[in-house]
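Chemist: Provided below are the primary sequence and the corresponding predicted coordinates.
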Amino acid sequence: MSIKGLRKATLALATAAMAGGIALTGAGAAEASTGGGCGGPGWQQVCISDGGNQINFGVTTNLANNNCTEQLILWDYTTNSQALSTTFPCRSGQYTFTWALSNPAWGHDYKAEARFYWQPGTGYTYQTSPDLHF
């Protein structure tokens, strides 16, 4: 396409957007998530990321034994509540468990946490992901 043709296409798009009441500047910037990533050591790592219409989060472990129970929690810090929670037996060796929250609330602050309840009832240890502002 020539420069002249490109200018015509740009002008046509801008005209159509203005006629339809569509804002071309700043669209999406206010709704973009920030943060996320992984936290914890490589053998017990918790991650969170923006999946578009969902929040993806999970835990990757490399445990020497399966003498524990894991709880994976997605916290909504904006409402100070659990958005999702699940519990499952630990597995020895390399293991990854991922989960997703569909339709998260825009403007909320989320964080994933993995709790490891060690047997026989000696309490738990935990790891957390960085915050994800959705």
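Modeler: Alright, I've got the coordinates. Numbering: from 1, shown residues only.
Chemist: Beta-bridge partners for the closest residue to G36 other than its chain neighbours, please?
Modeler: Sequence neighbours aside, L132 is the residue nearest to G36 in space, at 4.1 Å (criterion: C-beta to C-beta, 6 or more residues apart in numbering). Heads up, the C-betas are built off the backbone N, CA and C, glycines and all. Beta-bridge pairing for L132 (DSSP bridges): G35, Y110.
Chemist: Likewise for R115?
Modeler: Q71, Y126.
Chemist: separation between it and Q127?
Modeler: Note on R115: its distance to Q127, by C-beta to C-beta, to the nearest Å, is 9 Å.
Chemist: residue ranges with poor pLDDT in the chain?
Modeler: Scanning the chain for pLDDT under 70 picks out the ranges 1-32.
Chemist: ok, how many other residues are close to the residue nearest to G36?
Modeler: 25 (other C-beta atoms under 10 Å).
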